[in-house]
Each structure stands twice: as C-alpha cells, then as structure tokens.
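1. this is a predicted model, with the sequence first.
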Amino acid sequence: TVGIAFFINDSLKAWLARRQEEGDQYTPLPGQQGTAASASTSSSSRRGGQVSSTGEAPKLKAIESLFCGGIAGATAKTVIAPGDRVKIIYQTDPGRKFSLRGAWQTGNTLLK
C-alpha cells in the first residue's frame with residue numbers, strides 16, 4: 001500500500017510542478033491584468049513573481065501537497081482493499097483451505 005501511495009504521490013507532484021513551470025495555458029484578454037509578453041518572460045517558477053535562481057522546480061503549496069497525498073492514499077487503499085479482504089476471509093475461516101484459484105474466485109465474488 002505504501003509503495004503505491006508513494007509512487008502516485010510523487011507522480012502527481014511531478015505533474016503539478018511541470019504545470020507550474022509551463023505557466024498559464026491561456027493568453028489574457030485585452031483589458032485583463034498582465035499581458036501575453038509578461039506571461040511568457042519567465043518559464044521557471046511563477047509563484048508570487050519569484051524566479052528560482054538555481055533552476056529547481058518550484059515548491060508546491062501545502063494544499064497542493066495535501067491534495068496529492070490524499071489522492072495517492074485513496075487510490076492505494078482502493079487497489080489494495082479487495083486483496084486484504086480476501087486475506088482476512090482466509091485467516092478467519094478455519095474450514096476454508098487456501099489456494100490461489102480459490103482466492104481468485106473469492107476476490108471475483110467480492111468485486112461483483
């Protein structure tokens with residue numbers, strides 16, 4: 001569960017960092033704040049007008065990091081939960097002999 005969650009969390013954070021580096025995909029309309037020229041002057045960090053001098057990816061806000069962690073945890077639990085349920089069924093029912101085929105059938109029954 002933890003490995004899946006870490007992988008998804010890191011993937012989401014990398015995706016958000018790429019989106020921040022690319023900047024806004026929309027060109028402002030005439031009369032809106034900012035201009036297309038000022039929007040394209042910096043392809044690095046756009047957080048609060050700060051440009052990273054080291055060329056590192058911009059840091060994520062706390063809410064973005066929380067979002068990535070929440071999605072990663074929910075996805076990992078959703079993927080692992082059916083297997084854990086099958087494991088618990090076999091651990092608590094002494095009359096049920098474990099076999100891979102039987103576990104697969106039990107899992108299919110749970111998902112239906």
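-> Yep, that arrived. Note that the structure is a prediction, hence the values are computed from the model and not measured.
2. in which helix or strand does the closest residue to Arg96 other than its chain neighbours reside?
-> Once flanking residues are discounted, Arg96 sits nearest to Tyr90: 5.9 Å by C-beta to C-beta, 6 or more residues apart in numbering. Every C-beta, even on glycine, is put in place using the N, C-alpha and C of the backbone. Element membership for Tyr90, per DSSP states H and E: helix 62-92.
3. return the set of buried residues in that helix.
-> Using 16 or more other C-beta atoms under 10 Å as the test for burial, helix 62-92 gives Cys68, Gly69, Ala72, Gly73, Thr75, Ala76, Val86, Ile89.
4. what's the closest of those to Gly23?
-> Proximity of the buried residues of helix 62-92 to Gly23 (C-beta to C-beta) peaks at Cys68, which lies at 20.0 Å.
5. quick check: pLDDT value at the closest one.
-> Note for Cys68: predicted pLDDT of 89.
6. Lys13 is in contact with that one, correct?
-> Yes - using C-beta atoms under 8 Å, Cys68 is in contact with Lys13, at 5.2 Å.
7. now the common contact residues for those two.
-> Leu60 (C-beta atoms under 8 Å, 6 or more residues apart in numbering).
8. residues making contact with stretch 61-78?
-> Stretch 61-78 has contacts (C-beta under 8 Å, 6+ apart) with Thr1, Val2, Ile4, Ala5, Phe6, Phe7, Ile8, Asn9, Leu12, Lys13, Leu16, Leu60.
9. so how many other residues sit close to the third one?
-> What it means is Ile4. Look at Ile4: counted by other C-beta atoms under 10 Å, it has 16 neighbours.
10. and it, what element?
-> If you go by DSSP H and E, Ile4 is part of helix 2-22.
11. quick one, that helix and helix 62-92 angle?
-> 160 degrees (axes from the mean of the first three to the mean of the last three C-alpha atoms, to 10 degrees).
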